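J.: I would like to see how this sequence folds:
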Amino acid sequence: MEIKILGTGCPNCLTLEKRVRKVVAQNEIQADVTKVDDIVDIMSYDIMSTPGLVIDEKVVSKGRIPSEDEIKEFLTN
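T.: Numbers count the residues shown, from 1 in each chain. Got it, this is the predicted structure:
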């Protein structure tokens, strides 16, 4: 599984990255988590408001910080 956190480094983007990494670790999910901070790359996902969460090249959340339960649901479905 490939997970991308889209954001330029704002506090919300950093919070989302921490939450995603925590959920991945707690649930022993095999995933590569990367942070994408290049604005051109972010815009290629049609996201105008960060943070964004992309799982296997599908945008599952944008412009907000999902809860840990939501993140777990995204990763296990």
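J.: For residue 14, list the residues it contacts.
T.: In this structure, residue 14 makes contact with residue 7, judged by C-beta atoms under 8 Å, 6 or more residues apart in numbering. Just so you know, the C-beta spots here come from the backbone N, C-alpha and C atoms, and that holds for glycine as well.
J.: In a helix, it, correct?
T.: Yes. When classified by DSSP: H, G, I helix; E, B strand; the rest coil, residue 14 is found to be part of a helix.
J.: residue ranges of the helices in the chain, please?
T.: Taking DSSP state H to define them, one finds helices in the chain at 11-26, 39-43, 68-76.
J.: Kindly reformat those helices as TSV containing distance to residue 2 and mean pLDDT.
T.: Conversion of these to TSV gives the following (distance: least, C-beta to C-beta, whole Å; pLDDT from 0 to 100):
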stretch	distance to residue 2	mean pLDDT
helix 11-26	12	97
helix 39-43	14	93
helix 68-76	11	96
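J.: nearest to residue 57, of those helices?
T.: Taking C-beta to C-beta as the criterion, residue 57 comes closest to helix 39-43 out of those, the separation being 12.3 Å.
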